[in-house]
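>>> Need coordinates for the following:
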Amino acid sequence: MKTPTVISVGLLALTLVPGPLAAQQVQTQTIQVGGAAGEMPMMQMPGMGRQMKSGTGRIRGRVVTTDSGSPVRRAQVRISGADVLPKSAVTDNEGRYEFRDLPSGKYTINATKSGYVSVQYGQTRPFEQGKSIELVESQPMEKADIVMPRGSVISGRVMDEFGDPMPDATVTAMRQTWSNGRRRLQSAGRTAQSNDLGQYRIYGLPPGEYYISATMRGAEMMVTEMAMAASFSINTSGAQPSGSEPRSGYSPTYYPGTPNGGEAQRIALGAGEEKGNADFGLLPVKLAKVTGTVIGSDGKPVEGAMINLAPRNAGEMPFPNPFGGSRTDKNGNFTLPSVAPGDYTLRASGMRMIVSGGEGGDNMVFTTRINMGGGDGQTEFGAVPLSVNGDDVPNVMIVTSKGTTATGHVTWEGGSKPTNTATVRISALAADSDGPVVLSGGSAAVAADGGFEIKGIAGQRLFRVAGLPQGWLLKSVRLNGQDITDTGIEVKPNEPLTGLEVVLTSKTTEITGSVKSGNDPAADYTVVIFAEDPTKWTVPMTRFVTGTRPNQDGRFQVKNLPPGSYYAVALDYIAQGEWNDPEVLERLKERATRFTLDEGKVETLDLKLSGS
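From the prediction side, this is the model:
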């Protein structure tokens, strides 16, 4: 019997069935994509840094359809809040759900079911935020009803250049959104796989405008190749599978048949509408072989480094690397055999393995931890620009470095230092990354004396804080007296960064208020708040622009914006995230209310509803 090998990559997992030689052995590999060369963006998990609570509050409601009001049975309903772990429930035959034992606090609820558009409580239009539910201690809330529209559908066929069907193509619905400083195409979260007739069907889409893309390689293939490359590195011979190298392939293609996202044709969908015959052919391209060598900071070849390509126009592609990756041999050499034309960043990440063995019943158990990109200050990484036009690209050299170390301390202002600081971490996030793969950088816990040390980082970095106790927020980040909170700093690989001061404050800010439509209170709106200074709209990961929706009582609240001068405007509708577009903010400024937010203060606003 073949025993599976379980491999986890980041948040993804897969199971491989080894050959006969692996029988009666269980080999578990954990690939940690970490540190300066490959860490996923640091996320603050729900409740991180807080004590989980329980209470006697309750929320009940029904999930019903938009068209007829009939119950949506077996819908998945999920609730999340700052002081509770996420919970889920399944609706009964009448579409009812219930959450009990809730402490006081603010909650969001969303519902999902196949064939319907996933929505949040209080959401009435596509791509807008839902409303929060705010409970006081022991409060019951009845009739927290959620209305689910039936999803729209786009269907069609994917073909090759001869008009023959292309099975197993990954087809993605994409939207134009404002992200990372510019408008770009990004996945709407719905994909499909073409069948043996080349047919695809993407369902559950909200009404709106979409662009369709197709590629012959997707996330699953990349994860498999990465895991297999890691697995082969365990073989002391360094041998890898060999075979014919394809010299032609297919470029990621947009409907109705273009490799350029700017030339893609949009498809407009109404509520519950199905649009078929969105047929298009994948574009054949000449594939090139890219070969080169990875040299470490000690001048020696790097064995076992992971190599991958990230297109520089990654924001317009359905997946960042549809042409796979490779690893270096004992001489530091690598080959990427099938690379489509385009402009890329070629990245090399060192790989360190820790192998442990032991008895597992009748089987021998091996555990292999594979760390790509470090964060420990020892693992090396490097990158070079690469342009491919169909011809082979030989002799590419990547020189790696260990990055450098940033050290500093945390200062607590405005009150006594809290006692529960064990979860506080300082992270160095990449301020100049582009596309869906973010080379985030390292992070470090804060020591009892307030000191921290982040290893293995380089490039333009922003320093942020995760796991803060309730009632505290980031005030500033200073380097030798200079404020770099929002500008970041260029970290050079061989120059240690010292003298960082992260200032945290208990003088939090709050904006609260209500909105009127004419003379009547408005219950359904979005408030956009943005800094008066336009230069703060476009700084990386800006803290000065936000949007919010009202709670169940029609009031809105925004906490922890930095002090300063702001505009606020209440809109009937704006899609989530559209307020990050500077052109949108420039238009909204003319009808917005100006106000000043002081440190440690609560500002109350009474706004008039403006047209969207």
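>>> The stretch 501-612 of the chain: strands as residue ranges?
510-517, 520-521, 526-531, 545-548, 556-559, 564-571, 593-597, 602-610 (DSSP state E, counting those that start in this stretch).
>>> out of those, nearest to Y250?
strand 545-548 (39.2 Å; Cβ to Cβ). C-beta coordinates here come from the backbone N, C-alpha and C atoms, glycine included.
>>> Tell me the helices and strands packed up against the closest one.
strand 526-531, strand 556-559 (3 or more Cβ pairs under 8 Å, 6 or more residues apart in numbering; DSSP states H and E).
>>> any residues touching it, and which ones?
The contact list for strand 545-548 (Cβ atoms under 8 Å, 6 or more residues apart in numbering) reads 129, 526-531, 536-537, 556-558, 561, 574, 576-577, 579-580, 585.
>>> Just the buried ones from those residues, in ChimeraX syntax?
Applying 16 or more other Cβ atoms under 10 Å to the contacts of strand 545-548, the buried members can be selected in ChimeraX as follows:
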select :129,526,527,528,529,530,531,536,537,556,557,558,561,574,576,579,580,585
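>>> so where's the stretch 51-200 of the chain shaky on pLDDT?
For the stretch 51-200 of the chain, the stretches with pLDDT under 70 are 51, 180-181.
>>> doesn't R62 make contact with R96?
Yes: look at R96 against R62 with Cβ atoms under 8 Å: they come within range, at 5.3 Å.
>>> Who has more neighbours out of the two?
Shown here are R96 and R62; by other Cβ atoms under 10 Å, R62 has more neighbours (19 against 16).
>>> for that one, helix, strand, or coil?
Look at R62: counting by DSSP: H, G, I helix; E, B strand; the rest coil, its state is strand.
>>> Tell me which residues touch the closest residue to it other than its chain neighbours, please.
Using Cβ to Cβ, 6 or more residues apart in numbering and skipping the chain neighbours, the partner closest in space to R62 is G95 (4.5 Å). Going by Cβ under 8 Å, 6+ apart, G95 touches 62-64, 70-73, 75.
>>> any chance of those residues in CSV, plus distance to T508?
Shown next, in CSV, are these (distance: Cβ to Cβ, whole Å):
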residue, distance to T508
R62, 37
V63, 35
V64, 39
S70, 45
P71, 42
V72, 39
R73, 43
A75, 37
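>>> Name the member of those with the most neighbours.
If you rank the contacts of G95 by neighbour count (other Cβ under 10 Å), V63 sits at the top with 28 neighbours.
>>> Looking at strand pairing, list the partners for it.
V63 forms beta bridges with I146, as assigned by DSSP bridges.
>>> Would you confirm that it contacts I146?
Yes: the pair V63 / I146 is scored as a contact, 4.8 Å apart, by Cβ under 8 Å.
>>> list residues touching both of the two?
77, 111.
>>> Distance-wise, check the closest residue to V72 other than its chain neighbours relative to E128.
Leaving aside its sequence neighbours, V72 sits nearest to V63 (Cβ to Cβ, 6+ apart; 4.4 Å). Applying Cβ to Cβ, to the nearest Å, the value for V63 to E128 is 18 Å.
>>> do the same with G55
Counting by Cβ to Cβ, the gap from G55 to E128 is 29 Å.
>>> List the residue ranges of this structure that fall below the pLDDT cut-off.
1-51, 180-181, 217-247, 313-324, 351-378, 432-441, 611-612.
>>> ok, then the element right after whichever strand in the chain runs longest?
For the chain, the strand that runs over the most residues, judged by DSSP state E, is strand 182-193. Moving toward the C-terminus from strand 182-193, the next helix or strand (DSSP states H and E) is strand 199-205.
>>> From the contact counts, what lies against that next one?
Judged by 3+ Cβ pairs under 8 Å, 6+ apart, strand 199-205 is in contact with strand 152-159, strand 170-179, strand 182-193.
>>> which parts of that strand are buried?
Buried-residue list, strand 199-205, by 16+ other Cβ under 10 Å: 199-200, 202-205.
>>> That strand pairs with which strands?
Going by DSSP bridges, the partners of strand 199-205 are strand 152-159 (antiparallel).
>>> gap between the partner strand and the chain center?
26 Å (Cα atoms, centre = their mean, to the nearest Å).
>>> what's next to that strand, contact-wise?
117, 165-166, 169, 171, 173, 194, 197-203, 205-207, 210, 212, 214, 255, 267, 269-282.
>>> What's the PyMOL syntax to select whichever of these are buried?
To isolate the buried members of these in PyMOL, using 16+ other Cβ under 10 Å:
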select buried, resi 117+166+169+171+173+194+198+199+200+202+203+205+206+207+210+212+214+255+267+269+272+275+278+279+280+281+282
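>>> What segments of this structure are helices?
Assigned by DSSP state H, the helices in the chain fall at 219-232, 582-589.
>>> just checking, what packs against the last one?
In this case it means helix 582-589. Using 3+ Cβ pairs under 8 Å, 6+ apart: helix 582-589 touches strand 526-531, strand 564-571.
>>> would you turn those strands into CSV with distance to E599?
Formatted as CSV, the helices and strands packed on helix 582-589 follow (distance: least, Cβ to Cβ, whole Å):
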stretch, distance to E599
strand 526-531, 15
strand 564-571, 10
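>>> So which of these is nearest V393?
Among those, strand 526-531 sits nearest to V393 (Cβ to Cβ), with 44.8 Å.
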